[in-house]
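Engineer: What follows is a predicted structure for the sequence shown.
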Amino acid sequence: MKYFLTLLFISITQFLFGFQNPDTLAYNLQRNKINQMLDARFQKFGQFEESLAKKSGIFGLKTKRDMQKSIDILTDIIQTDNHILKETKILLDFKNFQQEQIEQKSQNSADINLAYMKTINKLQQETEKLHQQLQDTKKSQKFYQILAFALGLAIASIVLFVFRKISTK
C-alpha cells in the first residue's frame, strides 16, 4: 500500500510540474507590446515611402521641407527599431528566465524521484530481509517444537517406565 501511495504521489508531482505552460501573462503582454511596435514601424515605413514619392516643389522636384519630413520619419523609424530591440531583449531575458526555472524544477523533480526510488529500494531490501528472518524463525520454531515434543515423549516414557517398575514390585 505504501508503494502504491508513493508511486501515486510521484505521478501527481510529475503531472503538476511537468506540463506547465511557459507562456505566462507577462510573457504574452510583452510579446503583444512588441507586435504593436512592429505594426507601428510598418505604418511609419509606409509614411516614409509616401514622403519619398511626394514632390511638392517647382517642376515636380522635392523641396527641403519634403526631404526634412522624410528624414524625420526615418529618425522616428530608427527610434522605434531601438525600442523594439530593447523590448525584444527583455522578452528573450524573460524567456531565458522561464527556461531556467523550468530546468530547475525539472532537476528538483528528478532529485525527488531519485530519492523516492532509493527509499523504495531500501524498503524492498528491508522487506526481503524481514521475510528471510521470518522464514528462519519459522524453521527454528519447528525445530524447537519437534525438540519439545521429543523431550516430552522421552519424559513421558521415563515416567511410564518408572511407574511400571514401581507397580511391578
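Structural biologist: Done, it's in. Numbering: from 1, shown residues only.
Engineer: Any idea how far apart the tips of stretch 47-66 sit?
Structural biologist: End-to-end distance for stretch 47-66, by Cα to Cα, to the nearest Å: 12 Å.
Engineer: what's the helix ranked longest in the chain packed up against?
Structural biologist: Criterion DSSP state H: the longest helix present in the chain is helix 64-168. When contacts are defined as 3 or more Cβ pairs under 8 Å, 6 or more residues apart in numbering; DSSP states H and E, helix 64-168 sits against helix 2-18, helix 25-53. (Each C-beta comes from the backbone N, C-alpha and C, glycine too.)
Engineer: Determine which of the ones you listed shows the lowest mean per-residue pLDDT.
Structural biologist: Ranked by mean pLDDT, those bottom out at helix 2-18, which scores a mean of 55.
Engineer: Need the pLDDT of the residue nearest the centre of the chain.
Structural biologist: Note on the chain: the residue nearest the mean C-alpha position is residue 106, at 3.5 Å, using Cα atoms, centre = their mean. For residue 106, the pLDDT comes out at 94.
Engineer: What distance do you get for it to residue 113?
Structural biologist: 10 Å (Cβ to Cβ, to the nearest Å).
Engineer: for residue 55, same thing?
Structural biologist: For residue 55, the distance to residue 113 - Cβ to Cβ - is 72 Å.
Engineer: Any buried residues in stretch 106-124, and which?
Structural biologist: residue 109 (16 or more other Cβ atoms under 10 Å).
Engineer: Please state the offset of that stretch from the chain centre?
Structural biologist: Here the centre of stretch 106-124 is set off from its chain's centre by 14 Å, with Cα atoms, centre = their mean, to the nearest Å.
Engineer: And for stretch 115-130?
Structural biologist: For stretch 115-130, the separation from the chain centroid amounts to 24 Å (computed by Cα atoms, centre = their mean).
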